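> quick one: sequence and predicted model below, then my questions.
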Amino acid sequence: MKQVVQNYKNGELALLDVPVPGCKPGGVLVRSAYSLISTGTELMKVSEAGMSMLGKARSRPDQVARVVQSVATNGVPATYRKVMGKLDSYTPLGYSLCGVVEQVGGGIDDVSVGDLVACAGNEHALHAELNWVPKNLYARVPDGLAPRYAAFGTVGSIALQGVRRGEPQLGDVALVIGLGLIGQLVAQLLTASGVRVVGADPDPARCELAERLGAAACGGPGSAAVETAVAELTGGLGVDQVYLAAGGGGNQPVELAARLSRDRGRVVDIGKCRLDLPWNAYYEKELDVRFSRSYGPGRYDPEYELEGRDYPIGYVRWTERRNLACFLDLLARGRVDVEPLVSHTADFDDAVETYRSLEEGALKAVAVLFRYPGGAERPERTRDAGKAPAPAVAVPEVRGGQEPAPARRVRTSVRLAFVGAGAYATSMLLPHLAQRDDAVLSTVVTTTALSAANAKRKFGFEAATTDLDAVLGDPDVDAVFVVTRHSSHAALTRKALVAGKAVFVEKPLALTEEELSDVVAAVEESGNDRLQVGFNRRFAPLLREARQRFGPRNGPASLRYLVNAGRLEHGSWYLRQDAEGSRFTGEGGHFVDTASWLLGADPVSVYATAASGGEDLQVVLCYPGGSTATIGYVTTGPASFPKETVDLVADGRALRLDDFVRASVYGRRRWVSSRLPKARDKGQRAELDAFLRAVRTGGPMPVPLRSLVATTAATLAVRTSLAEGAPVTLTGAR
């Protein structure tokens with residue numbers, strides 16, 4: 001198996017092949033699914049290993065004292081050999097992971113093979129494919145909690161123990177100094193406990209993150225923002241507790257703690273920071289300085305950790321293992337959110353490169369996860385084997401190798417036929433096309449003669465007809481727009497593709513899985529993949545500019561899309577769900593496509609819930625690499641509220657779109673779009689530009705067919721998830 005190791009003498013990092021550990025009695029053998037890099041503790045160790053011998057000595061005076069004692073006892077030669085031998089050997093890294101029980105040792109009866117567990121310990125929860133973990137250093141993961149989140153269990157226990165040492169009470173005000181991984185978790189735990197939190201950190205991105213996750217106010221240490229917030233929240237009396245979660249060699253944290261604490265307040269040291277206490281300041285306020293020892297009671301006790309001897313709950317309520325289980329429970333119930341903290345997820349094979357990127361500063365991160373091959377896709381627990389399989393919706397495979405037929409001529413313009421001339425076509429599409437030099441409105445086809453005649457007169461079509469077959473058989477027609485009611489989209493699209501036409505069909509592409517499969521089959525039968533669905537949001541100029549300014553992502557993202565759809569007028573054909581599909585099936589593809597475009601991937605699973613007795617939905621999409629998108633589709637909001645708002649958070653940056661009128665990006669630098677009033681542009685014109693260019697030049701279509709199919713399948717999966725009350729896997733999704 002493979003394991004991350006480091007040589008402390010020369011700083012070498014390696015992914016080493018080592019023997020598989022045996023499964024001893026009193027513990028379990030765990031195959032890792034995800035392990036977490038603690039960017040504070042572990043990077044400090046990695047950095048120390050790269051120092052000179054003098055630098056190592058300066059950073060660890062405690063070890064120097066032990067060497068001096070050894071010299072006095074054993075002499076210089078023996079001590080030298082001992083120290084060099086210890087330095088010039090591989091040491092492990094890691095102490096927080098989640099994995100699947102592969103083998104159960106003697107004396108263990110609380111877990112079984114196949115159970116998902118979170119594991120702790122810098123000797124037992126290592127960055128390795130397999131670990132042996134003793135009983136008191138693992139806890140079962142609650143049902144429904146993702147392995148990538150459960151990997152935070154140990155670090156969360158450290159934060160939880162620190163909060164317990166502070167003894168917060170409802171209504172308290174606390175100051176958290178240092179908003180790295182531990183500090184962010186401390187702030188969330190305090191907020192969940194009814195405590196108002198002020199955060200202090202020199203990194204503005206971490207301050208913004210803490211505020212998004214519930215902190216009342218954050219700013220740089222000693223900044224006016226922090227001091228003002230403390231004064232306002234406490235009436236000038238000072239905070240009840242200060243939690244020191246900062247590192248480094250400066251004394252600023254303990255001095256700031258003394259200045260902003262109330263009389264007889266508590267100062268809890270969680271991180272490893274300098275504690276040169278200013279005596280007068282601490283004496284005059286009679287401050288209570290406390291230390292928080294790692295994960296909780298039991299830490300560093302061999303009888304507890306290695307021999308499995310638990311402390312009676314009547315004497316020790318919160319042990320190391322109980323803290324771990326408690327934090328997992330808080331994650332499972334949504335009281336703590338770790339997804340925004342994940343800056344990057346790396347494959348375990350790239351572990352060494354990931355550490356180097358962190359050490360050199362190329363990768364800025366709060367938390368980094370290692371993903372192990374096959375670890376996250378373990379089988380269900382054996383006792384759940386009788387459960388019904390999870391619902392699934394198939395994503396029809398779009399086979400490669402289909403090349404569009406060569407152009408009959410070099411086009412300077414494209415001849416277009418419209419099937420349908422309803423409100424959307426006449427208000428959002430035809431006005432953009434009527435005056436173009438590169439488009440000729442050839443024929444409009446409708447089921448009633450009068451609507452065709454009206455479109456011909458208003459937009460200048462050369463002809464109007466009710467005969468669709470004649471139009472599809474016309475060799476001079478290059479492209480067909482399908483802008484009819486939803487129930488006819490799939491059949492009309494199929495006919496037009498088989499006729500060899502490029503097709504622009506308004507959403508939705510299909511109302512059922514069978515219809516979607518029929519469209520894909522038409523592509524395969526005809527060899528014609530020239531298809532575009534009217535997902536116009538991804539073409540909106542303001543959103544495209546915001547995405548460009550946000551820049552590329554390294555880690556997973558969290559996206560929220562709120563759609564204030566409003567109520568339909570009485571008599572709207574959208575209400576004919578038996579014939580035209582649900583309202584979300586009709587227009588939800590817009591929002592799924594926009595989310596997928598922003599995240600750069602297609603969804604792999606869908607979970608939807610609905611408000612009782614209404615059409616309001618919450619749809620959660622999961623993507624490869626751990627990104628998620630939540631679409632809130634509501635019909636009961638006020639008309640005065642914006643229709644669409646989007647928030648994207650990743651890598652310490654955030655993007656916000658306000659109804660295609662305003663946009664902003666937050667990061668090292670803040671960008672805000674022009675505040676001058678502009679028309680709301682949802683991308684129809686730019687989408688038509690891209691489609692006509694593709695038809696005219698024979699180039700690729702604006703959106704890959706695979707993406708159009710995946711978006712439609714995900715939209716259809718919402719109905720399945722609502723019916724089954726469970727997440728739906730998109731089988732065949734990439």
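Arrived safely, thanks for sending. Numbers count the residues shown, from 1 in each chain.
> so what does Ala502 look like in phi/psi?
phi -70, psi 140 (degrees, to the nearest 10).
> what bridges to it?
Counting by DSSP bridges, Ala502 is bridged to Ala479.
> buried residues in stretch 116-136?
Buried residues in stretch 116-136, counted by 16 or more other CB atoms under 10 Å: 116-122, 124-136. C-betas here are computed from N, CA, C, even on glycine.
> ranges for the strands of the stretch 501-650 of the chain?
502-505, 531-533, 558-564, 605-610, 617-622, 628-634, 644-650 (DSSP state E, counting those that start in this stretch).
> could you give the angle of the last one to strand 628-634?
Going back to what we said before, that points to strand 644-650. 160 degrees (axes from the mean of the first three to the mean of the last three CA atoms, to 10 degrees).
> helices or strands up against strand 644-650?
Judged by 3 or more CB pairs under 8 Å, 6 or more residues apart in numbering; DSSP states H and E, strand 644-650 is in contact with strand 558-564, helix 583-599, strand 653-658.
> for the helix or strand following the shortest one, which strands pair with it and how are they oriented?
Past strand 653-658, further along toward the C-terminus, the next helix or strand under DSSP states H and E is strand 662-666. Based on DSSP bridges, the strands next to strand 662-666 in the sheet, each with its direction, are strand 653-658 (antiparallel), strand 671-672 (antiparallel).
> okay, those strands in CSV with mean pLDDT, mean neighbour count and distance to Gly308 next?
Compiled in CSV, those are given as follows (pLDDT from 0 to 100; neighbours: other CB atoms under 10 Å; distance: least, CB to CB, whole Å):
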stretch, mean pLDDT, mean neighbour count, distance to Gly308
strand 653-658, 96, 21, 45
strand 671-672, 94, 13, 55
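> reformat those strands as JSON lines; add distance to Ala14.
Converted to JSON lines, those look like this (distance: least, CB to CB, whole Å):
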{"stretch": "strand 653-658", "distance to Ala14": "33"}
{"stretch": "strand 671-672", "distance to Ala14": "42"}
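> picking up where we left off before, quick one, which of the helices and strands packed on strand 644-650 is nearest to Glu208?
With CB to CB as the measure, strand 653-658 is the member of the helices and strands packed on strand 644-650 nearest Glu208 (7.2 Å).
> can I get the closest one as CSV, trimmed to CA atoms?
Taking C-alpha atoms only, strand 653-658 is exported to CSV below (Å, rounded to 0.1, in the frame of the first residue of the first chain):
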residue,chain,number,x,y,z
ARG,A,653,-13.6,33.8,-3.4
ALA,A,654,-17.2,34.5,-4.0
LEU,A,655,-19.3,35.5,-7.1
ARG,A,656,-22.7,37.1,-6.8
LEU,A,657,-25.2,37.8,-9.6
ASP,A,658,-28.3,39.9,-8.9
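> how far is it from where the chain is centred?
In terms of CA atoms, centre = their mean, to the nearest Å, the centre of strand 653-658 is found 15 Å from the chain centre.
> angle of that strand against strand 558-564?
Going by the same axes, to 10 degrees, strand 653-658 makes 10 degrees with strand 558-564.
> mind listing residues that contact strand 653-658?
205, 208, 212, 542-543, 546-547, 550-551, 598, 642, 644-649, 663-667 (CB atoms under 8 Å, 6 or more residues apart in numbering).
> from these, list the buried ones, please.
Using 16+ other CB under 10 Å as the burial test, the contacts of strand 653-658 include 205, 208, 212, 542-543, 546-547, 550, 598, 642, 644-649, 663, 665-667 as buried.
> what about stretch 485-503, start to end distance?
16 Å (CA to CA, to the nearest Å).
> average pLDDT for it?
Across stretch 485-503, pLDDT averages out at 95.
> ranges for the helices of the stretch 401-550 of the chain?
Remark: helices assigned in the stretch 401-550 of the chain by DSSP state H, counting those that start in this stretch are 423-424, 430-433, 449-459, 468-472, 489-498, 513-526, 541-550.
> nearest to Val483, of those?
helix 423-424 (6.3 Å).
> okay, and for the stretch 51-200 of the chain, where does confidence drop off?
51-68, 70-89 (pLDDT under 70).
> next one: the stretch 401-550 of the chain
In the stretch 401-550 of the chain, residues with pLDDT under 70: 401-411, 449.
> picking up where we left off before, check the helices of the stretch 401-550 of the chain for me and report the most buried one.
Most buried of the helices of the stretch 401-550 of the chain, by mean neighbour count (mean count of other CB atoms under 10 Å): helix 489-498, with a mean of 22.
> would you pull up how far that helix lies from the middle of the chain?
Distance, centroid of helix 489-498 to centroid of chain: 37 Å (CA atoms, centre = their mean).
> give me the nearest residue to Pro603, chain neighbours excluded.
Among residues not flanking Pro603 along the chain, Leu621 sits closest, at 4.2 Å (CB to CB, 6 or more residues apart in numbering).
> try Phe641
Nearest one to Phe641, counting by CB to CB, 6+ apart, is Asn564 at 5.1 Å.
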